[in-house]
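Student: Here is my input, please return the structure:
(one chain, ligands or ions: 1)
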Amino acid sequence: MILVTGATGTVGRPLVRALRDRGATVRALVRDAGSVPAEWDDGVEAVVADLNDAGSLVPAADGIDAVYLLTPVDPDAARQARHVIDAAAKAGRPRVVLQAAIGVGRRTSPVRFFAAHAAALDHVKAAGLPWTVLAPNGFQQNFLGSAASLRAGTLALPAGAAAVSYVDARDVGEAAAEVLTTEGHEGAIHELTGPEALTHEEIAGFIGAALGREVVYRDRTPDQARTALLDTGLDAWRASGLVELHGMYAAGEAAAVTDGIPRLLGRPARSLTALLTEHAAALRATPTTTQERPA
Ligand SMILES: NC(=O)c1ccc[n+]([C@@H]2O[C@H](COP(=O)([O-])OP(=O)(O)OC[C@H]3O[C@@H](n4cnc5c(N)ncnc54)[C@H](OP(=O)(O)O)[C@@H]3O)[C@@H](O)[C@H]2O)c1
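Tutor: As a prediction, this is how the structure comes out:
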């Protein structure tokens, strides 16, 4: 039995799908019984629990052989991860596959979102559970959430001129399914990227091609970006975190292309251009909201 946290999210959904395709028995954690996706079949046992409620995680972890530990981008993520790890340790000695982010094994990250990943890894080690880390780069899907400003012809980010090897979140989910259902990953940190590193100017060009109009990349200063994010209604913690993340990109620290996806999945990583082509119609569609986040 494999417990998946974050099962209804960007990585969780393709992960649950990939585990079912492999015939694995899945327990998918949801906050609310009403949010169970229609695509989940009888092989997916939905369990209602809250990462903030340690007590609710004990029955969720009962009898599991492995857990995919994905926490949301949240100031309480380190505490949430601890709750899951403690519940897993009570259940026996399940494998913990932790979703972190690129660079987790290399150094202390300047990005606040990533502090929870490092703390979670320390806690898993202290608990004596077998562990593996997936460390994906930024998700290509982040660009799909910026449709309104892209349609207006601008990709504005504080990312400088550096290239980033964004990864398709579906590849991350499928790689996670491989790690959860095969042996030989204990103590490994799999860094997962897309097939190429692209500058945001190049990305703007690809988005423009998908939209059928010119899209220009505008490099923003950290202050400009933070102000723009706060203006969308984003809270200060997340706005500052996104600025830090793009500062890491601008420093060229997310440009490496790894063989993580081809090695785990035996095929090339999905490209950003393929994702944009797939979503071209939706990107062109009339906006239903003006609120958006930078990638
Ligand atoms: N976005 C990126 O580019 C990127 C890149 C590398 C790493 N990461 C890391 O990936 C993780 C986010 O993954 P994602 O993008 O797949 O997540 P996501 O799409 O934001 O989904 C978050 C998931 O967590 C669940 N959740 C939130 N709060 C919860 C709570 N209190 N109790 C139980 N479940 C809760 C959500 O459930 P509901 O459906 O109920 O909301 C949802 O299933 C973060 O750790 C982030 O640092 C992100």
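Student: And the one residue in the chain that gets nearest to the ligand, what's its pLDDT?
Tutor: As assessed by CB to the nearest ligand atom, the ligand sits closest to Gly9 within the chain, at 2.3 Å. In this view, the C-beta of every residue, glycine as well, is placed from N, C-alpha and C. As predicted, Gly9 sits at a pLDDT of 97.
Student: what residues are up against it?
Tutor: Residues near Gly9 by CB atoms under 8 Å, 6 or more residues apart in numbering: Leu70, Pro72.
Student: SS state for it?
Tutor: What DSSP: H, G, I helix; E, B strand; the rest coil gives for Gly9 is coil.
Student: And the helix-or-strand element of the chain with minimal mean pLDDT, what does it pack against?
Tutor: Scoring the helices and strands of the chain by mean pLDDT, DSSP states H and E places helix 147-151 at the bottom, with a mean of 82. Helix 147-151 makes packing contacts with helix 200-211, helix 280-284 when contacts are defined by 3 or more CB pairs under 8 Å, 6 or more residues apart in numbering; DSSP states H and E.
Student: In it, which residues are buried?
Tutor: Across helix 147-151, burial judged by 16 or more other CB atoms under 10 Å covers Ala147, Ser149, Leu150, Arg151.
Student: how about the CA coordinates for it, as PDB?
Tutor: Taking C-alpha atoms only, helix 147-151 is exported to PDB below (Å, rounded to 0.1, in the frame of the first residue of the first chain):
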ATOM      1  CA  ALA A 147      -2.300  33.000 -19.300                       C
ATOM      2  CA  ALA A 148      -3.900  36.500 -18.800                       C
ATOM      3  CA  SER A 149      -0.600  38.400 -18.900                       C
ATOM      4  CA  LEU A 150       0.800  36.100 -21.700                       C
ATOM      5  CA  ARG A 151      -2.300  37.000 -23.800                       C
END
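Student: Next SSE downstream of it?
Tutor: strand 154-157 (DSSP states H and E).
Student: how about the helix or strand following that next one, does it get close to the ligand?
Tutor: Heading C-terminal from strand 154-157, the first helix or strand you meet, by DSSP H and E, is strand 163-164. No: contact of strand 163-164 with the ligand (CB under 6 Å from any ligand atom) is absent, the minimum separation being 10.1 Å.
Student: go on, stretch 237-257?
Tutor: No: against the ligand, stretch 237-257 shows no contacts by CB under 6 Å from any ligand atom, the least distance being 8.2 Å.
Student: With just CA atoms, put that stretch into CSV.
Tutor: Extracted in CSV, the C-alpha atoms of stretch 237-257 (Å, rounded to 0.1, in the frame of the first residue of the first chain):
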residue,chain,number,x,y,z
TRP,A,237,5.5,35.1,2.5
ARG,A,238,4.7,33.6,-0.9
ALA,A,239,5.5,36.8,-2.8
SER,A,240,9.0,37.0,-1.2
GLY,A,241,9.5,33.3,-1.8
LEU,A,242,8.7,33.6,-5.5
VAL,A,243,11.2,36.5,-5.7
GLU,A,244,13.8,34.4,-4.0
LEU,A,245,13.1,31.5,-6.4
HIS,A,246,13.6,33.7,-9.4
GLY,A,247,16.7,35.1,-7.9
MET,A,248,18.1,31.5,-7.8
TYR,A,249,17.1,31.1,-11.4
ALA,A,250,18.8,34.5,-12.3
ALA,A,251,22.0,33.2,-10.7
GLY,A,252,22.0,30.4,-13.2
GLU,A,253,21.5,27.7,-10.5
ALA,A,254,18.6,26.0,-12.2
ALA,A,255,20.1,25.7,-15.7
ALA,A,256,21.6,22.2,-15.5
VAL,A,257,19.9,19.5,-17.5
